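Undergrad: sequence first, then the predicted structure, then my questions.
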Amino acid sequence: MKKHTTILFLFCITCIYSQGSKQPTFKKRVLESTEIDFLASYYQQDGSKSAVGGGIGSEKLTDIASNITIAMPLNDDDVLTIDAGISAYSSASSSNINPFNASGASGSNNSGASGGDDDDDDKRANTKSTSATGPYGSPWQASSGASKSDELVSVMANYSHSSDSRNFIWNADVSFSNEYDYTSTGFGGGIAVLFNEKNTEINIKANVYLDQWRPIYPTELHEYSKYGANFLNQGYFSGVTVYNENGISATETYLPTKFKDLALTNRNSYSASFGFSQILTKRFQFSVFFDVLQQQGLLSTPYHRIYFADKTNFFIGQPQYIANYENTTNTGVFKLADDIERLPNTRFKLPIGARINYYINEYLVLRTYYRYYSDDWDIQAHTASVELPFKLSDKFTVFPTFRYYKQTASKFYAPYEMHLSSEQFYTSDPDLANFGTKQLGFGINYTDIFASAKIWQFGLKNVDFRFHQYKRSDKLKASIATIAFKFIMQ
């Protein structure tokens with residue numbers, strides 16, 4: 001491996017030297033003027049295998065996101081790009097980190113309670129149930145807690161420099177993102193070398209992300225961690241009835257002893273990628289790539305519940321719904337977790353893929369993509385997509401798209417209530433299961449190279465709209481619509 005890396009490095013340096021030694025008679029600016037891109041998207045999904053519910057429950061989610069990207073030429077050779085975005089979501093699944101909001105203990109207004117919409121269990125320590133039925137929830141319905149919605153804010157800055165010959169480009173970037181329970185900081189850089197009259201390109205990139213969790217646990221496990229074996233008589237669950245699977249009171253017997261607070265809260269990710277692209281003819285172009293990714297730290301999600309097959313089931317809510325717990329008709333009872341998802345502290349990923357573009361005629365282009373993915377959690381996946389841009393006029397292009405994806409299950413995955421308490425690692429997250437997906441979509445693109453439509457000093461160069469529908473073999477369905485505008489300063 002070291003030998004191959006050395007050969008590749010020397011090859012790139014040789015190309016850089018040979019291209020850099022040629023002085024062009026004319027040097028065109030890398031970016032003529034400032035460009036601004038606005039992107040907005042709307043995403044919605046629904047399914048029935050919520051990881052927060054231990055592999056069962058509503059996966060309904062909506063997300064609205066927007067991004068602004070500003071690319072500014074600093075001189076003939078250098079470009080600074082700033083990308084800032086915000087994403088706001090509402091999720092029935094994540095709301096059930098605490099499924100008991102607005103009911104019973106969490107919804108009462110006793111002295112000392114903080115109210116039903118606060119997911120901070122410490123603030124609710126003195127809250128007691130005054131309702132006749134006690135607290136209740138359902139994996140099929142959203143609660144009203146703070147975890148029902150969240151916002152992700154991100155910003156990235158990229159600096160790139162091109163040589164006089166434009167055959168060598170290097171760039172560096174830094175990034176930051178934050179949401180309620182997660183913060184990420186990243187940095188990286190890369191080089192690109194063009195030769196063979198710019199018909200061939202090699203690029204190498206590397207990135208590091210240093211992330212930090214602020215773990216949020218399911219309510220019942222948080223209270224057990226805080227008060228120990230007597231937690232059902234203190235704090236949040238004081239005075240609350242716990243039922244077994246027969247609907248009989250079993251308040252003194254629910255003890256999730258497998259649960260322990262997480263020792264790690266950081267997640268570090270390291271990636272390196274290599275790409276090669278070649279223009280073979282005026283009509284045919286292809287590229288290949290592969291990435292090497294290594295993750296370390298907390299790779300599980302702290303609020304994903306696990307239910308063991310060899311443990312007794314316990315519930316809070318209205319016992320008449322216990323018999324129909326796995327059915328959407330259950331609107332009044334929630335099963336208490338045995339533990340949270342546990343996964344190894346390391347993960348190695350290796351994707352490799354290719355793109356082929358073929359110019360059929362002046363109206364139609366064929367774009368294809370394939371990727372194979374493998375990791376040491378035993379997931380193997382295939383992705384294939386095709387896009388057919390069809391030019392309607394000088395300014396308008398439409399393009400149908402199709403994408404297919406298939407993966408095998410992780411060796412740590414089992415469906416709802418299929419894990420055993422003797423296992424070391426376990427997850428019921430459907431994203432780590434065996435499934436396939438099909439995605440159909442279309443887009444329409446408007447391009448005006450002269451940017452004749454203007455807003456203040458900016459001309460509208462491009463508008464791109466896309467819509468996709470996504471279906472997964474486990475019945476999850478999703479739709480996403482995006483629209484993007486590109487402006488150039490004039």
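TA: Perfect, I can see it now.

Undergrad: the helix or strand hosting residue 176 packs against which elements?
TA: Taking DSSP states H and E as the definition, residue 176 sits inside strand 168-179. Applying 3 or more Cβ pairs under 8 Å, 6 or more residues apart in numbering; DSSP states H and E, one finds that strand 168-179 contacts helix 2-20, strand 149-162, strand 182-195. C-beta coordinates here come from the backbone N, C-alpha and C atoms, glycine included.

Undergrad: comparing those by mean pLDDT, which bottoms out?
TA: Mean pLDDT values for these show the minimum at helix 2-20, a mean of 40.

Undergrad: mind checking how far the strand holding residue 176 is from the chain centre?
TA: Relative to its chain's centre, strand 168-179 lies at 18 Å (Cα atoms, centre = their mean, to the nearest Å).

Undergrad: return the set of buried residues in that strand.
TA: Buried residues in strand 168-179, defined by neighbour count with 16 or more other Cβ atoms under 10 Å: 168-169, 171, 173, 175, 177.

Undergrad: what does it rub up against?
TA: For strand 168-179, contacts defined as Cβ atoms under 8 Å, 6 or more residues apart in numbering pick out 16, 19-20, 150-163, 183-194, 207, 209.

Undergrad: partners of that strand in the sheet?
TA: Note on strand 168-179: by DSSP bridges, its sheet partners are strand 149-162 (antiparallel), strand 182-195 (antiparallel).

Undergrad: reformat the ones you listed as CSV; add distance to residue 401 and mean neighbour count.
TA: Output for these, formatted as CSV (distance: least, Cβ to Cβ, whole Å; neighbours: other Cβ atoms under 10 Å):
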stretch, distance to residue 401, mean neighbour count
strand 149-162, 26, 16
strand 182-195, 27, 18
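
Undergrad: and residue 450, how many neighbours?
TA: 8 (other Cβ atoms under 10 Å).

Undergrad: give me the three-state assignment for it.
TA: State at residue 450, reduced to three classes by DSSP: H, G, I helix; E, B strand; the rest coil: coil.

Undergrad: ok, the residue lying closest to it once chain neighbours are set aside - contacts?
TA: Computed as Cβ to Cβ, 6 or more residues apart in numbering, the closest residue to residue 450 that is not its neighbour in sequence is residue 459, at 7.6 Å. Listed by Cβ under 8 Å, 6+ apart, the contact set of residue 459 reads 448, 450-453, 487-488, 490.

Undergrad: pull out the buried members of those.
TA: For the contacts of residue 459, buried by 16+ other Cβ under 10 Å: 451, 487-488.

Undergrad: now, among those residues, which is nearest to residue 35?
TA: For the buried ones among the contacts of residue 459, the residue nearest residue 35 by Cβ to Cβ is residue 488; the value is 5.2 Å.

Undergrad: quick one: mean pLDDT over the helix or strand where the closest one lies.
TA: In the assignment (DSSP H and E), residue 488 maps to strand 477-489. Taken as a whole, strand 477-489 carries a mean pLDDT of 97.

Undergrad: quick one: residues in contact with that strand.
TA: Contact with strand 477-489 is made by 32-47, 451, 455, 457-471, as judged by Cβ under 8 Å, 6+ apart.

Undergrad: give me that answer again for 6 Å
TA: Contact with strand 477-489 is made by 33-46, 451, 457-471, as judged by Cβ atoms under 6 Å, 6 or more residues apart in numbering.

Undergrad: one more: stretch 434-450?
TA: Stretch 434-450 is contacted from outside by 395-406, 408-409, 462-474, using Cβ under 6 Å, 6+ apart.

Undergrad: out of these, which are inside strands?
TA: Using DSSP state E, the members of the contacts of stretch 434-450 that fall within strands are 396-406, 462-472.

Undergrad: check the contacts of residue 459 and tell me the two furthest apart.
TA: Farthest pair in those (Cβ to Cβ) is 450 and 487. Separation: 13.2 Å.

Undergrad: okay, residue 100: pLDDT?
TA: Residue 100 carries a pLDDT value of 85.

Undergrad: just checking, it is part of a helix?
TA: No - assignment of residue 100 by three-state DSSP gives coil, placing it outside any helix.

Undergrad: so it makes contact with residue 135?
TA: Yes - in this structure residue 100 lies within contact range of residue 135 using Cβ atoms under 6 Å: 4.0 Å.

Undergrad: now stretch 277-288: buried residues?
TA: 277, 279, 285, 287.

Undergrad: now do the same end-to-end measure for it.
TA: For stretch 277-288, the first-to-last residue distance is 6 Å (Cα to Cα, to the nearest Å).

Undergrad: can you name the residues in contact with it?
TA: Contact partners of stretch 277-288, identified using Cβ under 6 Å, 6+ apart, comprise 199-201, 276, 354-359.

Undergrad: and what of stretch 419-432?
TA: Residues from elsewhere that reach stretch 419-432 (Cβ under 6 Å, 6+ apart): 49, 51, 54-55, 258, 304, 306, 308-311, 341-343, 410, 412-413, 416, 474.

Undergrad: cool, stretch 75-86 as well?
TA: Contacts for stretch 75-86 (Cβ under 6 Å, 6+ apart): 29-31, 67-74, 153-162.

Undergrad: list buried residues within the ones in strands among the contacts of stretch 434-450.
TA: Buried subset of the ones in strands among the contacts of stretch 434-450 (neighbour count, 16+ other Cβ under 10 Å): 397, 399, 401, 403, 405, 462-464, 466-468, 470, 472.

Undergrad: turn the residues you listed into TSV, columns for distance to residue 442.
TA: Listed next are those as TSV, based on distance: Cβ to Cβ, whole Å:
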residue	distance to residue 442
397	11
399	7
401	7
403	12
405	19
462	17
463	15
464	12
466	7
467	6
468	8
470	14
472	20
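
Undergrad: ok, those vs residue 383, which is closest?
TA: The nearest member of those to residue 383, counting by Cβ to Cβ, is residue 405 at 5.0 Å.

Undergrad: count of neighbours near residue 72?
TA: 15.

Undergrad: swap in residue 423?
TA: When counting by other Cβ under 10 Å, one arrives at 12 neighbours for residue 423.

Undergrad: measure it to residue 392 for me?
TA: Noted for residue 423: a distance of 57 Å to residue 392, by Cβ to Cβ, to the nearest Å.

Undergrad: ok, now how distant is residue 282 from residue 357?
TA: Residue 282 is 12 Å from residue 357, where distance means Cβ to Cβ.
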